[in-house]
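Enquirer: Sequence below, structure please.
(2 chains)
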2 protein chains.
Amino acid sequence: MKLYDYPQAPNPRRINIFLAEKGIDVERVSIDLTKGEQLEPAYRAKNPACDVPMLELDDGTCISQIRAICRYFEEIHPQPPMLGSTPTEKALCEMWDHLAFMNGLLAVAEVFRNTAKGFANRAQVGPHAYPQSAELAERGRARVANFFKDFDQHLASHEYVAGNFYSVADITTLAACDFAKWIKAEIPAECTNLKAWYDRMAARPAVQANS
Amino acid sequence: MKLYDYPQAPNPRRINIFLAEKGIDVERVSIDLTKGEQLEPAYRAKNPACDVPMLELDDGTCISQIRAICRYFEEIHPQPPMLGSTPTEKALCEMWDHLAFMNGLLAVAEVFRNTAKGFANRAQVGPHAYPQSAELAERGRARVANFFKDFDQHLASHEYVAGNFYSVADITTLAACDFAKWIKAEIPAECTNLKAWYDRMAARPAVQANS
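Expert: The predicted structure is shown next:
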């Protein structure tokens, strides 16, 4: 199989940390997002969503979307579990991964894609052209501030994002915190729980190897 | 366990169809979204994300976010599988469910929440107040049109959204198509593949029982 990758970007990085945690090595194919290679016809034929990462299996099946790629690897390589172990853990992992994605990563992306010069008319990931929106960038910035506060409060009583076990929800939250630096937003000093959690996560070898 | 529910809304409906497909009956607690009951302190203490549906387990664990609730029920009640059976199916199910959510449901929500009078300052689901954005509503409408076209093209060569098996991705896509009616958007006449798929899905007893 082949993983279509662009390790400099926040979303491919999530998969690379996930694979490093599991000790999985896979052939990489570089898709240079700065050159728009994700929009070229050959790639689009494999992945109409025109995003990276994407996993191509040996039978030609193409799997896009990070949660889908994580699921595939969790199924074929269950140890260490990164999506929870019990039914309740698995559910909490999905819940917090989704909240970190929606309220963290997507909020940062709202600011970044609606303000960065290189994303004029590319305000939304995917094959379609959408104009940038100053209103959406402004809302995104307010949402990022609330994301920091809400996750700080949650981490006051939880060791990891999904509870008392390390999971993909930690990776997504870490990626959101790091992506926020792209829009010059940092974890606020008063968010001491979030900052302490972040420092513990950033020290993990799998994260260090993908930073 | 208890499912906090408001069956008139598109997202709770996704869970209700999912549970009907599995033949699971669970105690319901009504949270009236039109009265803002999801923002009241007692509910917020259980679910800081302030959304519906939410599943409360007998040990007090509260699980929000639809994909998380689906995962829990799939784990404790695997038959019939609604999240795929093989590693590849499970990945394709996650992929297409996420695409239907992001490009379908969320696009419709962008229009609805940024235009409906009752959602002034409630443009984003959750506990925080965000103002409505005319720009975002306009972008959402363009995204809904592309969602119909893209899924129509996909369904030209696939029996179900995730491939050749029925799954939660079909429920999410159906919910998006029906939610689109709230913003007066219908599956375009030229989207014959999507329309044929929709008619097959709408005829399922689990859908009929939740329409």
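Enquirer: quick one, strands of chain A?
Expert: Along chain A, counting by DSSP state E, strands occupy A:2-5, A:27-30, A:54-56, A:62-64.
Enquirer: Of these, which stretch is the most buried?
Expert: Mean neighbour count (mean count of other CB atoms under 10 Å in any protein chain shown) peaks for strand A:54-56 among the strands of chain A, with a mean of 23. C-beta coordinates here come from the backbone N, C-alpha and C atoms, glycine included.
Enquirer: quick one, helices of chain A?
Expert: A:10-22, A:41-46, A:66-76, A:87-100, A:106-113, A:134-155, A:168-180, A:192-202, A:205-208 (DSSP state H).
Enquirer: right, so of the strands of chain A, which gets closest to residue B:131?
Expert: strand A:62-64 (32.9 Å; CB to CB).
Enquirer: Now do the closest one: which elements does it pack against?
Expert: Counting contacts by 3 or more CB pairs under 8 Å, 6 or more residues apart in numbering or on different chains; DSSP states H and E, strand A:62-64 packs against strand A:54-56, helix B:87-99.
Enquirer: partner strands of that strand, parallel or antiparallel?
Expert: Next to strand A:62-64 in the sheet, as set by DSSP bridges, lie strand A:54-56 (antiparallel).
Enquirer: returning to that earlier point: closest one to residue A:27 among the helices and strands packed on strand A:62-64?
Expert: strand A:54-56 (9.5 Å).
Enquirer: How about residues contacting the closest one?
Expert: Outside strand A:54-56, the residues that touch it by CB atoms under 8 Å, 6 or more residues apart in numbering or on different chains are A:1-4, A:26, A:46-47, A:62-64, A:69, A:72, B:91.
Enquirer: With pLDDT and distance to residue B:122 as added columns, please give those residues in JSON lines.
Expert: Shown next, in JSON lines, are these (pLDDT from 0 to 100; distance: CB to CB, whole Å):
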{"residue": "A:1", "pLDDT": "97", "distance to residue B:122": "44"}
{"residue": "A:2", "pLDDT": "98", "distance to residue B:122": "44"}
{"residue": "A:3", "pLDDT": "98", "distance to residue B:122": "40"}
{"residue": "A:4", "pLDDT": "98", "distance to residue B:122": "39"}
{"residue": "A:26", "pLDDT": "97", "distance to residue B:122": "43"}
{"residue": "A:46", "pLDDT": "96", "distance to residue B:122": "40"}
{"residue": "A:47", "pLDDT": "96", "distance to residue B:122": "35"}
{"residue": "A:62", "pLDDT": "98", "distance to residue B:122": "38"}
{"residue": "A:63", "pLDDT": "98", "distance to residue B:122": "35"}
{"residue": "A:64", "pLDDT": "98", "distance to residue B:122": "32"}
{"residue": "A:69", "pLDDT": "98", "distance to residue B:122": "34"}
{"residue": "A:72", "pLDDT": "98", "distance to residue B:122": "37"}
{"residue": "B:91", "pLDDT": "98", "distance to residue B:122": "35"}
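Enquirer: Would you mind giving the residues you listed as JSON lines with distance to residue A:109 added?
Expert: Formatted as JSON lines, the contacts of strand A:54-56 follow (distance: CB to CB, whole Å):
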{"residue": "A:1", "distance to residue A:109": "27"}
{"residue": "A:2", "distance to residue A:109": "26"}
{"residue": "A:3", "distance to residue A:109": "21"}
{"residue": "A:4", "distance to residue A:109": "19"}
{"residue": "A:26", "distance to residue A:109": "25"}
{"residue": "A:46", "distance to residue A:109": "23"}
{"residue": "A:47", "distance to residue A:109": "19"}
{"residue": "A:62", "distance to residue A:109": "23"}
{"residue": "A:63", "distance to residue A:109": "21"}
{"residue": "A:64", "distance to residue A:109": "16"}
{"residue": "A:69", "distance to residue A:109": "18"}
{"residue": "A:72", "distance to residue A:109": "24"}
{"residue": "B:91", "distance to residue A:109": "23"}
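Enquirer: All good on my end, thank you.
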